[in-house]
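> Okay, here's the prediction I keep looking at, along with the sequence it came from:
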Amino acid sequence: MKKSLVALAALAAAGIASAQSSVTLYGVADVWLGSTKTETLQGGVLTGVRQTVQGSGGYNGSRFGLRGTEDLGGGLKANFVLEQGFNIDTGAQASAGLQFNRQAFLGLAGGFGEVRFGRQYTAYDTLRAATNNSFDSSFATTGTVWGKGVADYGNRRDNQITYISPDFSGFSGAITYALGENKTATSSATDTTAFHVKYAAGPLLVGAAYQQEEVSNTVDRTYTLLAGSYDFGVAKLTAGYNRAKLDMGGKDNEYQLGVDFPVASNARIAVGYVHAKYKLANGASNGKGNGYTITGYYDLSKRTRLYAGLNNYSVKNAAGVKTEKGNLYAVGVRHSF
Amino acid sequence: MKKSLVALAALAAAGIASAQSSVTLYGVADVWLGSTKTETLQGGVLTGVRQTVQGSGGYNGSRFGLRGTEDLGGGLKANFVLEQGFNIDTGAQASAGLQFNRQAFLGLAGGFGEVRFGRQYTAYDTLRAATNNSFDSSFATTGTVWGKGVADYGNRRDNQITYISPDFSGFSGAITYALGENKTATSSATDTTAFHVKYAAGPLLVGAAYQQEEVSNTVDRTYTLLAGSYDFGVAKLTAGYNRAKLDMGGKDNEYQLGVDFPVASNARIAVGYVHAKYKLANGASNGKGNGYTITGYYDLSKRTRLYAGLNNYSVKNAAGVKTEKGNLYAVGVRHSF
Amino acid sequence: MKKSLVALAALAAAGIASAQSSVTLYGVADVWLGSTKTETLQGGVLTGVRQTVQGSGGYNGSRFGLRGTEDLGGGLKANFVLEQGFNIDTGAQASAGLQFNRQAFLGLAGGFGEVRFGRQYTAYDTLRAATNNSFDSSFATTGTVWGKGVADYGNRRDNQITYISPDFSGFSGAITYALGENKTATSSATDTTAFHVKYAAGPLLVGAAYQQEEVSNTVDRTYTLLAGSYDFGVAKLTAGYNRAKLDMGGKDNEYQLGVDFPVASNARIAVGYVHAKYKLANGASNGKGNGYTITGYYDLSKRTRLYAGLNNYSVKNAAGVKTEKGNLYAVGVRHSF
């Protein structure tokens, strides 16, 4: 009977669709082999040991996750993401003891944009990751060099409320507010607030972002970012300026620049440069840092990428003496599922 | 060749069916925003700080799980559940370091009922959860108020053997026995034993449950519950009486009452009241506690629920002096997948 | 419009195929009930307490995992496995705090064999597991008895590179090298190296394996295994000889023997014997150990197995005095999904 076959097919299709709409299991397995050496000043001498290592997440952090979307009708959707990072070289959690350390949120999306609740990336991080040099891979020295003065920002926060605006002819933005939940009788909770605005159209992306982290009730760390990218086709440029400030501590001016270009339809090479001037709150120099990266990839398929890269960075103090340097070279494979 | 296409289709269909029957990935993402304050006696004064918080599991604990059923033929089935709780506000495990903290069991089911082995809910908990006020949500003050005298029961046990009877015209029951596995040369293992019997038919559920927790070889905690519910359609009543006893410690009489009613086809409101009289083993008063809850939900779909609620509770000592009080109000979203 | 329907069906089919090829969720739930007693010398007397226990992994370690294979074309494939062990009796991770403690690797396979990177079994372990008595279940006393002199080998390693050869007319092999990643200014990294070669054809499997674990820069533990099995149909024999050596510590000669035979088309029984002579580095006796196992299984289906087993072992010192003994009897169920 054709009828019952059609009915069965309809049922099967519904069943599969429902299963698919309710939860998707996905992830990344990214492993590399390389050599790394970090030297710090010990007794006036730069000292360190070269280590041959297998590492995880050279291009993208190894992870697995559950995500789903439900259409609630009337343009409204419920979305969730539960995402766990892990180190494929050891099998360990990326953040010891933290189940879904990368992301854990539930959101409602509609014509108004999207509101999300849970552990999430800050709005500052969203822009910074999108405009980082060297494909935002771990070969980029941005976090390392920028963090040697005022401590670098936190990219994720617990107890965060996120609002992501719709796209208005290329313009969009996001605001995030993370509750400290640690108010006492004498001090208020140490919250983290962030936002970004950006314009994205065709080859152009340009934006500004800000993040304020309350270290205590009287001390804040703030980060102000201006960054963008332009894809000329023959090459894509990325650039960013960041101002990191610690109340009564420091005022750092930080820069990064990158260019990446295709060498085949499935292969690109990127070069990146990162610079920072660390200053005390009174404006006196506290030293400077530089970092360089060359990296490239070759895609075996949409899901499997071979990559290689090398970087080095160094930090000098106010007197111009090198106090730290490091380098890394590695080859790896990234597989998405 | 049509033949090979048909064969492929058959194979594919079999593959999907087998994959589906063997394991299902499911879960709950439940997040809320609210304000909470708990005050305890400090230097003779009730002291506490109001905290604005984002929380997990207002209506149902956030979780993900794997479950499956295999038909072994002859009416026999193998079942398993592996269920992990997590806090969506932080991404952390609900019980630090415990993979499947909610449930982890393998069972065999047939005409005789079902036998399960692993970490599971006790038989006492099964009835208590089914008859709790305020939709057994975390707005209910039952566990809080009842636990201020004799410590409240443990709802799950490691190393448990569970027997669940079939339904005999509405009558059914369950027995659970959890091995202590801590026998020494001078003391036996501290096991936990529980059972319930219940009658469920149409709008009526009524039952009795008992749990004995061996604290040590000479000291037990026991819990005796009489509870039920009746759905009049226009409203559903729930009620429960519990007797919590600690050898040489206390004998508490505990009550809870709830009513919930539909305000639309996809929305209900519930009101709950919880009371406890804490008594010493010799019968002398040790104080009393009260709790109140109002909560309601609105279902955006079968899988996504908006909810709101508030509660408060207070505890007085034998002299009638308030020694602790707390309240919470919150709005949230619960999404099942 | 029929056209769009066909297009939709094609899309749906592609989606399912891609989803299936990209990741498979699988696992084992294995629980047992039993009684166990281990006695060790305390004040000259063998002392211990019999314990009634529920345990996990009697036949195979309880686990869940994600695995996938992508065909990259040209005979090349990308494979990954992420596998987490857990104890079904408590819900806890098999290795506290270690996400994918069993396996976490990404590999590339082709005509040349397969190369894998991550946390993996050593090549020595692969042969030893394949030739162990008593179905390599936890009833086998091999690990217990062999480990009472020189500590037994580690079966998995972090940061491992594995090469598995193709099959050459029955001959194959594997090499594994695990980076220590702990080099200092004065000592090199403590790596682990292992390999095996084997011949497998029809009923015959025979092989040799070697593992070297660097305990420190001057002290190694090495394991040399000769082992095999032959399936006569009416019964299958397994046998193994192992030499465990600790530099300046001990030189143990270790043996294991097993026979298992069908008692029905879905049931087998196995008997195992394990022996070890522990010797000091100078060749003087340091005692000996013996272990016996009887176990059997009955398959309810391809995925669900009932099993039972008992074992006992004892260790004597150089003077022939029993210093330790233990036994276990248990019944269990293993369910694969």
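Ah, there it is.
> now chain A, which segments are flagged as low pLDDT?
Counting by pLDDT under 70, the ranges of chain A that qualify are A:1-21.
> Let me see the contact set for residue A:50.
Contacts of residue A:50 were listed using C-beta atoms under 8 Å, 6 or more residues apart in numbering or on different chains, and they are A:35, A:36, A:37, C:183. C-betas here are computed from N, CA, C, even on glycine.
> Reformat these into TSV and put secondary structure, neighbour count and distance to chain B next to each item.
Rendered in TSV, the data for those read as follows (DSSP: H, G, I helix; E, B strand; the rest coil; neighbours: other C-beta atoms under 10 Å in any protein chain shown; distance: C-beta to the nearest C-beta, whole Å):
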residue	secondary structure	neighbour count	distance to chain B
A:35	strand	13	33
A:36	strand	18	29
A:37	strand	14	34
C:183	coil	17	31
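> From the residues you listed, pick the one nearest residue B:290.
Distance from residue B:290 was checked for each of the contacts of residue A:50 by C-beta to C-beta. The minimum falls on residue A:36, at 62.2 Å.
> Is the closest one in contact with residue A:313, as I believe?
No - between residue A:36 and residue A:313 no contact is recorded; they are 11.7 Å apart, counting by C-beta atoms under 8 Å.
> Show me which residues of the stretch 201-337 of chain A sit near chain C.
Residues of the stretch 201-337 of chain A found near chain C (C-beta under 8 Å from any C-beta of the partner chain) are A:300, A:301, A:303, A:304, A:333, A:335, A:337.
> Narrow the residues you listed to just the buried residues.
Buried by 16 or more other C-beta atoms under 10 Å in any protein chain shown: A:300, A:303, A:304, A:333, A:335, A:337, out of these.
> would you list these in JSON lines and tack on secondary structure?
Conversion of these to JSON lines gives the following (DSSP: H, G, I helix; E, B strand; the rest coil):
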{"residue": "A:300", "secondary structure": "coil"}
{"residue": "A:303", "secondary structure": "coil"}
{"residue": "A:304", "secondary structure": "strand"}
{"residue": "A:333", "secondary structure": "strand"}
{"residue": "A:335", "secondary structure": "strand"}
{"residue": "A:337", "secondary structure": "coil"}
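> so who does the residue of the stretch 1-150 of chain A found nearest chain C touch?
Distances from the stretch 1-150 of chain A to chain C, computed as C-beta to the nearest C-beta, single out residue A:91 as the nearest residue at 3.6 Å. If a contact means C-beta under 8 Å, 6+ apart, then residue A:91 has C:82, C:98, C:99, C:100, C:101, C:102, C:103, C:104, C:118, C:119, C:158 as its contacts.
> The last one contacts residue C:176, correct?
What it means is residue C:158. No - because the distance of 11.8 Å does not satisfy C-beta under 8 Å, residue C:158 is recorded as not touching residue C:176.
> The most centrally placed residue in chain A: what secondary structure?
Centrality entry for chain A: nearest residue to the mean C-alpha point is residue A:129, 4.4 Å, by C-alpha atoms, centre = their mean. Remark: residue A:129 carries the secondary structure label helix [criterion: three-state DSSP].
> That one touches residue A:136, doesn't it?
Yes - taking contact to mean C-beta under 8 Å, the distance of 5.3 Å between residue A:129 and residue A:136 places them in contact.
> Output the residues of the stretch 201-337 of chain A next to chain C in TSV; the columns should cover distance to residue C:123.
As requested, these are exported to TSV (distance: C-beta to C-beta, whole Å):
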residue	distance to residue C:123
A:300	26
A:301	29
A:303	28
A:304	25
A:333	21
A:335	23
A:337	26
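> Of the residues you listed, just say which sits nearest to residue C:199.
Ranking these by separation from residue C:199, with C-beta to C-beta as the measure, puts residue A:333 on top at 31.6 Å.
> What residues does the closest one make contact with?
Contacts here follow C-beta under 8 Å, 6+ apart; on that basis residue A:333 touches A:30, A:31, A:32, A:304, A:305, A:306, A:307, C:78, C:106, C:108, C:117.
> Please apply the same query to residue A:93.
Under the criterion of C-beta under 8 Å, 6+ apart, the neighbours of residue A:93 are A:84, A:85, A:86, A:87, A:99, A:101, C:97, C:98, C:99.
> Then residue A:107?
Shown in contact with residue A:107 (C-beta under 8 Å, 6+ apart): A:78, A:79, A:80, A:114, A:115, A:116, A:117, A:162.
> okay, now the second one: neighbour count?
Each residue near residue A:79 was counted by other C-beta atoms under 10 Å in any protein chain shown, and the total is 17.
> Chain neighbours aside, what residue packs nearest to it?
residue A:107 (4.5 Å; C-beta to C-beta, 6 or more residues apart in numbering or on different chains).
> Can you name the residues bridging to that neighbour?
Beta-bridge partners for residue A:107, by DSSP bridges, are residue A:79, residue A:116.
> ok, the helix or strand hosting residue A:159: who's next to it in the sheet?
Here residue A:159, judged by DSSP states H and E, is contained in strand A:156-164. For strand A:156-164, the paired strands and their directions (DSSP bridges) are strand A:113-121 (antiparallel), strand A:171-178 (antiparallel).
> what's whichever strand or helix holds residue A:239 in contact with?
Assigned by DSSP H and E, residue A:239 falls within strand A:236-246. Among residues not part of strand A:236-246, those counted as contacts by C-beta under 8 Å, 6+ apart are A:128, A:131-133, A:142, A:146, A:149-153, A:203, A:215, A:219-230, A:250-261, A:281.
> Narrow those residues to those in strands?
Taking DSSP state E, the ones among these that sit in strands are A:220-230, A:250-261.
> Assumed residue A:274 was part of a strand.
Yes - assigned with three-state DSSP, residue A:274 falls within a strand.
> my guess is it contacts residue A:255, does it?
Yes - between residue A:274 and residue A:255 there is a contact at 7.1 Å, judged by C-beta under 8 Å.
> Mind checking which of the two has more residues around it?
The neighbour count for residue A:274 versus residue A:255, taken as other C-beta under 10 Å, is higher for residue A:274 (27 against 16).
> Excluding sequence neighbours, find me the nearest residue to the more buried one.
According to C-beta to C-beta, 6+ apart, the nearest residue to residue A:274 is residue A:291 (4.0 Å).
> can you confirm the one you found is in a strand?
Yes - in this structure, residue A:291 lies within a strand as judged by three-state DSSP.
> can you count the residues close to it?
29.
> give me every residue that touches it.
A:141, A:142, A:144, A:145, A:272, A:273, A:274, A:275, A:311, A:312, A:313, A:314.
> any chance of those residues in JSON lines, plus distance to residue A:286?
Supplementary listing: the contacts of residue A:291 in JSON lines, determined by distance: C-beta to C-beta, whole Å:
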{"residue": "A:141", "distance to residue A:286": "19"}
{"residue": "A:142", "distance to residue A:286": "19"}
{"residue": "A:144", "distance to residue A:286": "17"}
{"residue": "A:145", "distance to residue A:286": "14"}
{"residue": "A:272", "distance to residue A:286": "24"}
{"residue": "A:273", "distance to residue A:286": "21"}
{"residue": "A:274", "distance to residue A:286": "17"}
{"residue": "A:275", "distance to residue A:286": "14"}
{"residue": "A:311", "distance to residue A:286": "23"}
{"residue": "A:312", "distance to residue A:286": "21"}
{"residue": "A:313", "distance to residue A:286": "17"}
{"residue": "A:314", "distance to residue A:286": "15"}
